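**Q** Got a sequence here, can you model it:
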Amino acid sequence: MKSTDLPTDAHQAPPIRSISLAALRELIDTSSSTHPLFGFVDRAFAECGGSDWKGAFLHWLDTSEDRLAVAGRRFDLGPAQTLAVAIAAHAEIDPAFARVVAWLQAPVADGRPTLGLLAAAVAPLSGRADVLALKHGRAAALELLSWSDADDVLAAQEARVPDAVLQALGVDAQPETGPDACAREAPCPSQRVLLDGAVNALRRIGMPLVLRSPDPDEARNAATYIAGQLGRPICLDRPAWPPGLAAACAIDGRIPVFSVATAPGERIQIPEPRVSHLPTLVVAGSDGAVSVGGAICAELALPLPTPAERSERWKVGGFGSEVADALAARWRCSVARIDALATAARFEAAGRGALPTEDDVAAAARIRDAAMFDGVGRLLPTEVGDSDLILPDSTRSELQRLAGRCRVRERMPVALRGAAACAVRVLFAGPTGTGKSLAARWLAARLGLPLIAIDLAALTSKWVGETEKNLAQVFSRAEGSSAILLFDEADSVFGARTDVGSANDRFANNQTNYLLARMESFDGIVVLTSNSRQRIDNAFLRRLDVVIEFGVPGPQERRRLWERHLGSAAERGFIERVAGAIDLPGGSVAGAALSARALALAEGRAVTADDVVLALRAEYQKLGRTVPAELRI
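**A** Numbers count the residues shown, from 1 in each chain. Modelled structure (predicted):
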């Protein structure tokens, strides 16, 4: 097939290109037979049986499997409008055809046919040259044809066939709709059951369907799978239909996939496609609403793969059975994330000529999560051992039980916990410096998961609704990544609601109400820290699974802290005396020990009791507390 021909049935003659030229030949007076293009047009006219070209066209329209003929029958365009599309399409992609059009429209130099020329060319089929019927007909309504500036004289308005339609008809035009590329990981079996049901429904009744997942890649993969069962996907990154795309999809068997970002309380509206019963897929996150043509769409929430499915996916990623089972238990995440982490881990291992390990996966996850939460949080180091966590035995036991609960959270009965069956919501409450953040790092280390400290200042916005939107993105990213969220000084956003006395109070309460609802549905691990549990809204407290109180360390814990931070750098008797008399929290002890070491290091000597005393005085002054008598000169 020549690139200047629309696709034709190989057994059919004449082709639609010749028929279109024959229709234009009717507009040429024989006195123009000396024109260089006359012979070119006249040969096509003769090929179509001369004035019987109309019969050849009607036969082509009724019997041809050419995409344009099929579209004409499917869309009920009628002979006149189908021929108008054929003439306009050939003028777009065939230079010789465009020169014929320009000749007939002289002195107009453009090779695109005007509305007046098209109306005259198709008049033998419609009975009259009706420009209004052509301009407002089915072809224009479906965006198979578009017209130039409406301020032009009606008959002088030029016709154009959108690039998407040209591509669907089989010509070599580049689409304006972006690449039709989505990742193509096969869904896991539990997802495939749901997706196959959606495919059957879409086959029976073409309709819009919203696919929701905290992991955008997972939702796009699911959309690609559905589209692959129905035709071919074409991905769109904005909630709008490019010109002619709906008709092009119907002609070419393509399934549009819109990727939209929805925020809490926001509704994304996608215009109704010009073609009825066209399956349309929308990829969205967990929040907000989506409508197509003003109507709320059917929705499908994608479940995370089961532990057995995750293990099989890790095996596909190149890991042995034992490691795959361990990774499946550790990483509760989507198929798309498993594939990404496995690929990154294999690359890291290949650099040292070894097989990928769990540590390689953890390193890859840290890199991805640091980038994922950039701007809203920071990745905290989790190299915290048991000896680093110096707490009373009762508090340590509570933390051990919390770690055990987090490990078995996926085995908790859904009926007992509702939708967020795997959620663990924790509050660490206590004075500053008592080890709350360190305990969160210890928990992340025990579970082998990344810990993200959320930057509340970056999330909070003066604009109405922006704070909720930022928080929604954080929760969605965490659900898709298995990362533990840490809200340090959480009472700033999880604080008690107040009586409404101003607009600011109302907005603050709305923010708290959103957090209540989102925490209820959050399916991951979140740790809140606060200096006092009384500062947390009572409704939040009722929804927490675990509350652990961190108190100021007693003499035994303080002695262990001093030994941990100073080691043999100070006399044991001095440590005993300081631990018994100085009631500072662990953070202040660590700060004083660091200052004492710095003083000694600056002078090139060992740490002395005087260095510790000076550092402790500074700590008391920093806290605004009276320096004990034991530290006074």
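**Q** Tell me where the stretch 101-250 of the chain has strands.
**A** 146-147, 159-160, 208-212, 232-236 (DSSP state E, counting those that start in this stretch).
**Q** So which of these is nearest F258?
**A** F258 sits nearest to strand 232-236 of all these, at 5.0 Å, using CB to CB. To be clear about C-beta, it is placed using only N, CA and C from the backbone, and glycine gets the same treatment.
**Q** low pLDDT regions in the protein?
**A** Scanning the chain for pLDDT under 70 picks out the ranges 1-13, 109, 150-151, 171-186, 413-420, 461-465, 493-512, 568-573, 630-633.
**Q** Tell me who's in contact with the residue nearest the centre of it.
**A** What sits nearest the mean C-alpha location of the chain, by CA atoms, centre = their mean, is P216, with 3.2 Å. The contact partners of P216, by CB atoms under 8 Å, 6 or more residues apart in numbering, come to S259, V283, G285, G480.
**Q** so can I have JSON lines of the strands of the stretch 101-250 of the chain showing mean neighbour count and distance to T63?
**A** Formatted as JSON lines, these follow (neighbours: other CB atoms under 10 Å; distance: least, CB to CB, whole Å):
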{"stretch": "strand 146-147", "mean neighbour count": "17", "distance to T63": "29"}
{"stretch": "strand 159-160", "mean neighbour count": "23", "distance to T63": "26"}
{"stretch": "strand 208-212", "mean neighbour count": "23", "distance to T63": "34"}
{"stretch": "strand 232-236", "mean neighbour count": "21", "distance to T63": "26"}
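**Q** Tell me which of the ones you listed sits nearest to P392.
**A** Checked against CB to CB, the stretch from these lying closest is strand 208-212, at 44.4 Å.
**Q** what lines up beside the closest one in the sheet?
**A** strand 280-284 (parallel), strand 298-301 (parallel) (DSSP bridges).
**Q** Tell me the helix or strand right after the last one.
**A** This means strand 298-301. Moving toward the C-terminus from strand 298-301, the next helix or strand (DSSP states H and E) is helix 307-316.
**Q** And the closest residue to A155 other than its chain neighbours, how far from E520?
**A** In this structure, A155 finds its nearest non-sequential neighbour in G116, 3.2 Å apart by CB to CB, 6 or more residues apart in numbering. Noted for G116: a distance of 64 Å to E520, by CB to CB, to the nearest Å.
**Q** Which one of these two is surrounded by more residues?
**A** Ranked by neighbour count (other CB atoms under 10 Å), G116 and E520 place G116 first, with 17 against 14.
**Q** got a list of what the more buried one touches?
**A** So G116 contacts A129, V131, L154, A155, A156 (CB under 8 Å, 6+ apart).
**Q** Wait, a strand at R425?
**A** Yes. Residue state for R425 (DSSP: H, G, I helix; E, B strand; the rest coil) corresponds to a strand.
**Q** returning to what we had before: tell me which of the strands paired with strand 208-212 sits most buried.
**A** Mean neighbour count (mean count of other CB atoms under 10 Å) peaks for strand 280-284 among the strands paired with strand 208-212, with a mean of 25.
**Q** chain center to the helix or strand just after that one, what's the gap?
**A** Downstream of strand 280-284, the next assigned helix or strand under DSSP H and E is strand 289-292. From the chain centre to the centre of strand 289-292 is a distance of 16 Å (CA atoms, centre = their mean, to the nearest Å).
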